[in-house]
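Undergrad: Only the shape, not the letters, is given here:
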């Protein structure tokens, strides 16, 4: 049966948007419907605008194969591939200190799996620590919407012992040895407050 | 007239490769046929391997529009565009200091044009200096193959006065107030030696 509008035109149902096989399809949306990455980006923007710190997420590394240059319009990348990052996602400067970190979400409730990291990310953070950079991970437990800052030294301990021991960091360790970051308004994730404590400990050490 | 090979097949001349309108087509190849960027990347790799510093070039920021996921092979980016970077090209950590810099080549012989910079790059460097980061530019005069490290403070002076004054930094200023970096073998551009002097000056200030 053909349906028609009052003006005689036939009604055609809108085609359903095909859902693409998207890498982010299994993101769990946390606080305010945002991913941890979005929450951190928003917090960094606040820190930047307020002159508190300069911290940026690095662009995704891409291997570009083919670029078209249509006349009078912007260059279009027609073929490119994702490359594995050789560093962590975020870095920047705060109070004279170099900060370097990864942001990770987990569905797990009792522990944080080490499989969230690649060897080269750990190697990068270790190299930064040698240069007196402050390295850490922001971990979000999506089930409880809790965010923690875990100093890299604790991650290194578990990473280096995973062959003979467990393949994850117990949440208990993260609670005890990390810093919980309570959601706030400006910024959403005030993680630099925890960094102030890390710096204080550095200065007293 | 048709030319034939001894086996009877007709000879067809190889089609000339069409030279694409490539953005990098006017690169002047400097020392060892490398661009300044390649020279710096190689130097940074040496610094990393030797445990001297951790400094990386940031990936080019890309706006990805369409990605295909062919079965059993890597995801292919089929449509993407270049975005303007909101920061400088290089950053990292050295001896506890945050380093942040741009690398620029110029064909000019007597001065370095300020048009090589964007407002947002200057704003980014100014914000990093507020956080006690060390910011600078590596400038290569391609005609003479000379490389200089110019502290950001001098760039800021010229940038902030360009409305009423000149639109370039005289080479004389760069020679007097910057640090010439002589090509070496390991690393090719030993620019951290000049940073040691910058740090010394900071500590004595």
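TA: Yep, it's here. The structure displayed is predicted, hence computed values, not measured ones.
Undergrad: going forward, measure contacts and count neighbours with C-alpha atoms only.
TA: Fine.
Undergrad: residues in chain A within reach of chain B, list them.
TA: A:21, A:48, A:51-54, A:58-62, A:69, A:74-82, A:92-98, A:127-128, A:130-133 (CA under 8 Å from any CA of the partner chain).
Undergrad: For ChimeraX, write a command that selects the buried ones of those.
TA: Here is the ChimeraX command that selects the buried residues among these (16 or more other CA atoms under 10 Å in any protein chain shown):
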select /A:48,52,53,54,58,59,60,61,62,76,77,78,79,80,81,92,93,94,95,96,97,98,127,128,130,131,132,133
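Undergrad: Take the residues of chain A next to chain B and keep only those in helices.
TA: Among the residues of chain A next to chain B, DSSP state H puts A:48, A:127-128, A:130 in helices.
Undergrad: Nearest to residue B:88 among these?
TA: Distances from residue B:88 to these, taken as CA to CA, are shortest for residue A:48 (15.0 Å).
Undergrad: all helices in chain A, in order from the N-terminus.
TA: Assigned by DSSP H, the helices in chain A fall at A:36-49, A:119-130, A:152-160, A:171-177, A:192-204.
Undergrad: Output the ones you listed as TSV; include the columns mean pLDDT.
TA: Formatted as TSV, the helices of chain A follow (pLDDT from 0 to 100):
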stretch	mean pLDDT
helix A:36-49	97
helix A:119-130	97
helix A:152-160	97
helix A:171-177	97
helix A:192-204	94
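Undergrad: Quick one: those as TSV, columns for distance to residue B:139 too.
TA: As requested, these are exported to TSV (distance: least, CA to CA, whole Å):
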stretch	distance to residue B:139
helix A:36-49	27
helix A:119-130	26
helix A:152-160	36
helix A:171-177	45
helix A:192-204	34
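Undergrad: roughly how far apart are the closest residue to residue A:178 other than its chain neighbours and chain B?
TA: Nearest residue to residue A:178 in three dimensions, chain neighbours excluded: residue A:150, at 4.5 Å (CA to CA, 6 or more residues apart in numbering or on different chains). Separation of residue A:150 from chain B (CA to the nearest CA, to the nearest Å): 20 Å.
Undergrad: Sketch out the low-pLDDT regions of chain A for me.
TA: Counting by pLDDT under 70, chain A contains low-confidence residues at A:1-33.
Undergrad: Could you identify the longest strand within chain A?
TA: In chain A, with assignment by DSSP state E, the single longest strand is strand A:97-106.
Undergrad: Contacts for that strand next, please.
TA: The contact list for strand A:97-106 (CA atoms under 8 Å, 6 or more residues apart in numbering or on different chains) reads A:36-37, A:55, A:88-93, A:112, A:116, A:125, A:128, A:132-142, B:92-93, B:96-98, B:132-133.
Undergrad: So what are the sheet partners of that strand and their directions?
TA: Strand pairing for strand A:97-106, determined by DSSP bridges: strand A:90-94 (antiparallel), strand A:134-141 (parallel).
Undergrad: angle of it against helix A:152-160?
TA: Inter-element angle recorded for strand A:97-106 and helix A:152-160: 50 degrees (by axes from the mean of the first three to the mean of the last three CA atoms, to 10 degrees).
Undergrad: In contact with residue A:89, which residues?
TA: Residue A:89 makes contacts with A:57-58, A:100-103, as judged by CA under 8 Å, 6+ apart.
Undergrad: how close does it sit to chain B?
TA: Taking CA to the nearest CA, one finds residue A:89 at 11 Å from chain B.
Undergrad: before we move on, what about residue A:144?
TA: Counting by CA to the nearest CA, the gap from residue A:144 to chain B is 32 Å.
Undergrad: Can you tell me the closest non-neighbouring residue to that residue?
TA: Sequence neighbours aside, residue A:109 is the residue nearest to residue A:144 in space, at 7.9 Å (criterion: CA to CA, 6+ apart).
Undergrad: Likewise for residue A:155?
TA: Nearest one to residue A:155, counting by CA to CA, 6+ apart, is residue A:169 at 7.8 Å.
Undergrad: Which residues does the one you found form beta bridges with?
TA: Residues in beta-bridge contact with residue A:169 (DSSP bridges): residue A:112.
Undergrad: same thing with the one 10 residues further on?
TA: With beta bridges defined as DSSP bridges, residue A:179 has these partners: residue A:149.
Undergrad: Test my guess that it contacts residue A:139.
TA: No. Using CA atoms under 8 Å, residue A:179 makes no contact with residue A:139, being 10.2 Å away.
Undergrad: Mutual contacts of these two, please.
TA: A:148-150.
Undergrad: Between the residues you listed, which sits nearest residue B:163?
TA: Closest to residue B:163, out of all of these and judged by CA to CA, is residue A:149, at 45.6 Å.
Undergrad: For residue B:83, see how far away the closest one is.
TA: 31 Å (CA to CA, to the nearest Å).
Undergrad: More neighbours: which of the two?
TA: Set residue A:149 next to residue B:83 and count neighbours by other CA atoms under 10 Å in any protein chain shown: residue A:149 wins out with 23 against 11.
Undergrad: In contact with that one, which residues are there?
TA: Contacts of residue A:149 (CA under 8 Å, 6+ apart): A:136-139, A:178-181, A:191, A:194.
Undergrad: Mind listing the residues bridging to the spatially most central residue of chain A?
TA: When chain A is reduced to its mean C-alpha position, the nearest residue by CA atoms, centre = their mean turns out to be residue A:103, at 3.5 Å. With DSSP bridges applied, residue A:103 shows beta-bridge pairing to residue A:138.
Undergrad: quick one: it from residue A:37, how far?
TA: Here residue A:103 is placed at a distance of 7 Å from residue A:37 (CA to CA).
Undergrad: what do you get for residue A:195?
TA: 18 Å.
Undergrad: quick one, which of the two is more surrounded?
TA: residue A:195 (20 against 16).
Undergrad: how many neighbours does residue A:205 have?
TA: Neighbours of residue A:205 (other CA under 10 Å): 6.
Undergrad: again with residue A:184
TA: With other CA under 10 Å as criterion, residue A:184 counts 10.
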